[in-house]
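[1] Just a sequence and a predicted model for now, questions to come.
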Amino acid sequence: MYPAAADLGDEAADKAADKAADKAADQAGHAAQDAARQARFDELIEADARIEPRDWMPDAYRKTLIRQIAQHAHSEIIGMQPEGNWLTRAPSLRRKAIAMAKVQDEAGHGLYLYSAAETLGASRDELLDALHAGRQKYSSIFNYPTLTWADMGAIGWLVDGAAIMNQVPLCRCSYGPYARAMVRVCKEESFHQRQGYEILYALSHGTPAQHDMAQDAVNRWWFPSLMMFGPPDADSSHTEQSMAWKIKRHTNDELRCKFVDMCVPQAEVLGLTLPDPELRWNAEAGHYDFAELDWDEFWAVVKGDGPCNRQRLSHRVSAHERGAWVREAAAAHAAKKADRDARAGAAA
Amino acid sequence: MSANTAESWPLFEVFVRARRGLSHNHVGSLHAPDAEMALRNARDVYTRRQEGISIWVVPSAAITASSPEEKDPFFDPAADKIYRHPTFYDVPSGVQM
């Protein structure tokens, strides 16, 4: 391009200029490419299409999903503990078999969700480390203790009921793997809710002591269950963006209100009362009005000061550590078998 | 020690045949130390309610996929061959086909 006589000084300057121009062109190229990708992403979201793992997506979308799916997965895994407490104390073999199937489902739900989070580039180990170190949260509801058998009923009816209310719209979430995991989870959750309702119905129509036990469980689980929908819309930092991305389809308050409307008639059939003196039908709104929740309690539990936060986390970490030998043995067995198969292959 | 963790276990994609006459469908993925354990885990994770009568597990690393970025050029050649569809052809009215 240049005559051979061109001096080195100029050549170096030219090269530097060329490089700068290349870089600027590169950056402009990248910016143009990013803008095109962003436009394509926006188009898909707008059209209500699903985003799949290998599609381009904004970093913030990816981060939000990893945070939400991880928190969801952790909740399923930690959620085994309050019920695990009653596996050996179930009042009949029938109830015990059901409780075991339910706890096994919760483990399965955790696995579907961890897999979904991994499609976004998070690693299983990072996610577990973040849970164990307290960097990622799980649903605060699991930081309440299960004091009586009736709590198994209240958890199934209210906690799983609230979870279903949250999860059904997530089956239409814009991220494909999360939505598909939710379809499986929702199918399985409906048994959880019904078995809980059946436990409470049996107790409520049993002896006076059993009825009181059922009422006491509902009294303790009602408000924490309503808090499962998250802070009021005005204080929910993620809602607006998540709704724009169609990760979320309804606000926290909308879902909470729907849940209350569903529970009131169900409680009547149970013969139990909901522990809210302000609960009454508002004909104008077409919904039940209910008391303001104790958000100070909510935030205290979120921040680690619930009745069982430390116990749940330390049990989780210890279960992971105590399971290490199983993981080591399985890995050693796989390595030995692969080695043996390789040698057999070489001999043949 | 990373060798002890699930992370060092490879990822497998799981495919389930729901019943005779249907093909295997992708249902999700899981980590396992080897293919045999992956099959057992897949049974527990993905077929607790008789969702299948046959399972395939495939190491995720063994899958070669088309790239979503190339989607348009990759699939474009099919777009201008509408004569591959029966609706392209006029059939005289009254003919049953």
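    Nice, I can see it.

[2] all contacts plus neighbour counts: C-alpha atoms, from now on.
    Fine.

[3] and residue A:139, what are its phi and psi?
    phi -60, psi 130 (degrees, to the nearest 10).

[4] my guess is it meets residue A:72, correct?
    Yes: using CA atoms under 8 Å, residue A:139 is in contact with residue A:72, at 7.5 Å.

[5] now the residue lying closest to residue B:24 once chain neighbours are set aside, which residues is it bridged with?
    By the measure of CA to CA, 6 or more residues apart in numbering or on different chains, the closest residue to residue B:24 outside its immediate chain neighbours is residue B:17, 4.1 Å from it. Beta-bridge pairing for residue B:17 (DSSP bridges): residue B:54.

[6] Could you list the residues in contact with the lowest-mean-pLDDT helix or strand in chain B?
    The element with the least model confidence among the helices and strands of chain B, by mean pLDDT, DSSP states H and E, is helix B:71-75, at a mean of 77. Contacts with helix B:71-75, where a contact means CA atoms under 8 Å, 6 or more residues apart in numbering or on different chains, come from no residue at all.

[7] Could you export that helix as PDB, CA atoms only?
    The C-alpha coordinates for helix B:71-75 follow below in PDB (Å, rounded to 0.1, in the frame of the first residue of the first chain):
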ATOM      1  CA  LYS B  71     -31.300 -19.200  11.700                       C
ATOM      2  CA  ASP B  72     -32.300 -17.100   8.700                       C
ATOM      3  CA  PRO B  73     -29.500 -18.000   6.200                       C
ATOM      4  CA  PHE B  74     -29.700 -21.600   7.500                       C
ATOM      5  CA  PHE B  75     -33.400 -22.100   6.900                       C
END
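
[8] Where is the longest helix in chain B?
    Ranked by number of residues, the top helix in chain B under DSSP state H is helix B:35-46.

[9] if I look at the residue nearest the centre of chain B, how far off is chain A?
    Within chain B, the residue whose C-alpha comes closest to the C-alpha centroid is residue B:26; the distance, by CA atoms, centre = their mean, is 4.1 Å. For residue B:26, the distance to chain A (CA to the nearest CA, to the nearest Å) stands at 11 Å.

[10] Shouldn't that residue be within a helix?
    No: note on residue B:26: no helix contains this position according to DSSP: H, G, I helix; E, B strand; the rest coil, which reports strand.

[11] Apart from its neighbours in sequence, what residue is nearest it?
    For residue B:26, the spatially nearest residue (CA to CA, 6+ apart) is residue B:15, at 4.3 Å.

[12] Can you classify that neighbour by secondary structure?
    Under the three-state scheme (three-state DSSP), the conformation of residue B:15 reads as strand.

[13] per-residue pLDDT, the one residue in the stretch 101-250 of chain A that gets nearest to chain B?
    Closest contact between the stretch 101-250 of chain A and chain B, by CA to the nearest CA, is at residue A:108 (5.4 Å). Note for residue A:108: predicted pLDDT of 96.

[14] buried residues in the helix or strand it falls within?
    With elements taken from DSSP states H and E, the one containing residue A:108 is helix A:93-118. Buried residues in helix A:93-118, counted by 16 or more other CA atoms under 10 Å in any protein chain shown: A:96, A:98-100, A:102-118.

[15] Could you list every helix and strand that it packs against?
    Helices and strands in packing contact with helix A:93-118 are listed as helix A:59-78, helix A:80-84, helix A:176-204, strand B:25-31, helix B:35-46; criterion 3 or more CA pairs under 8 Å, 6 or more residues apart in numbering or on different chains; DSSP states H and E.

[16] quick one, the first one and helix A:176-204 angle?
    Think helix A:59-78. Angle, helix A:59-78 to helix A:176-204, by axes from the mean of the first three to the mean of the last three CA atoms, to 10 degrees: 30 degrees.

[17] Show me what helix A:59-78 is packed up against.
    Based on contacts counted as 3+ CA pairs under 8 Å, 6+ apart, the elements that helix A:59-78 packs against are helix A:93-118.

[18] Ok, the last one next?
    Contacts of helix B:35-46 with other secondary structure elements, assessed using 3+ CA pairs under 8 Å, 6+ apart, are made with helix A:93-118, strand B:11-17, strand B:25-31, strand B:54-59.

[19] neighbouring contacts of it?
    Contacts with helix B:35-46, where a contact means CA under 8 Å, 6+ apart, come from A:108, A:111, B:12, B:14, B:27, B:30-32, B:55-59.

[20] between those residues, which is closest to residue A:223?
    Among the contacts of helix B:35-46, residue A:108 lies closest to residue A:223 (CA to CA), at 27.4 Å.

[21] circling back to that earlier point, can you list the buried residues in the least confident helix or strand of chain B?
    Applying a neighbour-count criterion of 16+ other CA under 10 Å, helix B:71-75 contains no buried positions.

[22] So what's the residue count around residue A:278?
    Other residues near residue A:278 come to 11 when the count uses other CA atoms under 10 Å in any protein chain shown.

[23] looking at it, it is touching residue A:293, isn't it?
    No: because the distance of 11.3 Å does not satisfy CA under 8 Å, residue A:278 is recorded as not touching residue A:293.

[24] tell me the contacts of the spatially closest residue to residue A:182 that is not a sequence neighbour?
    Distances taken as CA to CA, 6+ apart place residue A:171 nearest to residue A:182, at 5.1 Å, with adjacent residues excluded. For residue A:171, the residues meeting the contact criterion (CA under 8 Å, 6+ apart) are A:178, A:179, A:180, A:181, A:182, A:183.

[25] So how do I select the buried members of the residues you listed in PyMOL?
    Buried members of the contacts of residue A:171, defined by 16+ other CA under 10 Å, are picked up in PyMOL with:
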select buried, chain A and resi 178+179+180+181+182+183
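
[26] how about the contacts of residue A:171 in CSV, adding pLDDT and distance to residue A:236?
    CSV is the format used below for those (pLDDT from 0 to 100; distance: CA to CA, whole Å):
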residue, pLDDT, distance to residue A:236
A:178, 97, 21
A:179, 97, 22
A:180, 96, 26
A:181, 95, 25
A:182, 96, 22
A:183, 95, 25
